[in-house]
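Chemist: Fold the following for me, if possible:
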Amino acid sequence: MSRAEERVPTEEPPGWAIERAGSELYDIQDRTAIVERAWQIVGEVADLEDERHDEYDDPDRGGEG
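Modeler: The predicted model follows:
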């Protein structure tokens, strides 16, 4: 299950994600679409952080292994 699917349906994404989604979807006025994109952004950022963390654990990249 993705991070977006783990959230409580009535929960709002963080404000920074709403702002970013709103700027990406500048021509869309549908709040539901903006909130959905915001949750996708939150998941993408979390995945990026996980990858960044894993990079330091990779012995081929100088990590601890």
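Chemist: Could you use CA atoms for every contact and neighbour count after this?
Modeler: Will do.
Chemist: Quick check: which element contains Y26?
Modeler: Element membership of Y26 [criterion: DSSP states H and E] is none; it lies in no helix or strand.
Chemist: Now do the helices in this structure.
Modeler: Ranges of helices in the chain, per DSSP state H, are 3-6, 15-24, 31-57.
Chemist: any chance of these in JSON lines, with mean neighbour count too?
Modeler: Compiled in JSON lines, those are given as follows (neighbours: other Cα atoms under 10 Å):
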{"stretch": "helix 3-6", "mean neighbour count": "12"}
{"stretch": "helix 15-24", "mean neighbour count": "16"}
{"stretch": "helix 31-57", "mean neighbour count": "15"}
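Chemist: now those helices as TSV including mean pLDDT?
Modeler: Shown next, in TSV, are these (pLDDT from 0 to 100):
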stretch	mean pLDDT
helix 3-6	55
helix 15-24	96
helix 31-57	85
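Chemist: close enough to count as contact, I41 and A21?
Modeler: Yes: using Cα atoms under 8 Å, I41 makes contact with A21 at a distance of 7.5 Å.
Chemist: quick one: V42 and I18, what's the gap?
Modeler: Relative to I18, V42 is positioned 10 Å away (Cα to Cα, to the nearest Å).
Chemist: ignore the last one, L25
Modeler: 10 Å.
Chemist: shared neighbours of these two, anything?
Modeler: I34 (Cα atoms under 8 Å, 6 or more residues apart in numbering).
Chemist: Tell me who's in contact with the closest residue to R37 other than its chain neighbours.
Modeler: Nearest non-adjacent residue to R37, counting by Cα to Cα, 6 or more residues apart in numbering: A21, 5.7 Å away. Neighbour list for A21: 34-35, 37-38, 41 [criterion: Cα under 8 Å, 6+ apart].
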